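[1] quick one: sequence plus predicted model below, questions after.
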Protein chains: 2
Amino acid sequence: MANPGEFWVEAIGIVAACLTTLSFLPQALRIWRLGSARDVSLTMYLMMFAGQIMWLTYGVVIGSASLIFSNVSALVLVGSVLLLKLRDTAVGVR
Amino acid sequence: MANPGEFWVEAIGIVAACLTTLSFLPQALRIWRLGSARDVSLTMYLMMFAGQIMWLTYGVVIGSASLIFSNVSALVLVGSVLLLKLRDTAVGVR
């Protein structure tokens, strides 16, 4: 077993972080371009957001730079979509 | 710093794993129900799949039960959608 924080271990994590974060980018860009999050599920995004907060906590607790980097960037993307979704919901866009 | 594998540390990870995996379930169920992955991006799913393989590797290397559990279940969901997408692409469904 290796320790989080070792260079080669975090290299694996950083590649994983870039792939999973970048895979989410097209959807976020499309929502930003449309300026509306009408076709996304509020429940799904709230669960994703809560899950990423837990993964960020987990990453901090074990000292994993890649988990921290991955979940901070994911929280920014998911958080921005959530804000749009909450705004749409507030102004009654279903 | 705590070590992956400690009970309370993995408890945080398991909650995170359940949230992020469950947040993905509705989309996977909808695609299975439709029997078509027409409106998903092949590139996005390939990147997600590759990212999850890297996170699984990372989880095994540091001995993190929650990362292993989370990414094995995510690989099953994303993998099944990818198979549908590849089948659609093969039979010419754009």
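    That came through fine.

[2] so residue A:28 makes contact with residue A:83?
    No. Counting by C-beta atoms under 8 Å, residue A:83 is not a contact partner of residue A:28; they are 11.6 Å apart. The way it works is simple: take the backbone N, C-alpha and C, and place the C-beta from them, glycine included.

[3] more neighbours, the two?
    Per other C-beta atoms under 10 Å in any protein chain shown, whichever of residue A:28 and residue A:83 has more neighbours is residue A:28, with 19 against 11.

[4] can you check the pLDDT for that one?
    Looking at residue A:28, its pLDDT stands at 88.

[5] name the nearest residue to it, sequence neighbours excluded.
    Computed as C-beta to C-beta, 6 or more residues apart in numbering or on different chains, the closest residue to residue A:28 that is not its neighbour in sequence is residue A:77, at 4.6 Å.

[6] what does chain A have sitting close to chain B?
    Residues of chain A found near chain B (C-beta under 8 Å from any C-beta of the partner chain) are A:1-5, A:9, A:12-13, A:15-20, A:22-24, A:26-27, A:41, A:43-45, A:47-48, A:50-52, A:54-55, A:57-58, A:61-64, A:66.

[7] repeat the analysis, applying 6 Å as the threshold.
    A:1-2, A:4, A:9, A:12-13, A:15-16, A:19-20, A:22-23, A:26, A:44, A:47-48, A:50-51, A:54-55, A:57-58, A:61-63 (C-beta under 6 Å from any C-beta of the partner chain).

[8] what pLDDT, on average, does stretch A:75-83 get?
    Here the average pLDDT along stretch A:75-83 is 93.

[9] so how far is it off the chain centroid?
    7 Å (C-alpha atoms, centre = their mean, to the nearest Å).

[10] same deal with stretch A:36-49?
    12 Å.

[11] list the buried residues in that stretch.
    Across stretch A:36-49, burial judged by 16 or more other C-beta atoms under 10 Å in any protein chain shown covers A:37, A:40, A:44, A:45, A:46, A:47, A:48, A:49.

[12] can you give me the buried ones in the one helix or strand residue A:18 maps to?
    Per DSSP states H and E, residue A:18 falls inside helix A:7-34. Neighbour counts using 16+ other C-beta under 10 Å place A:9-10, A:12-21, A:23-24, A:27-28, A:31 of helix A:7-34 among the buried residues.
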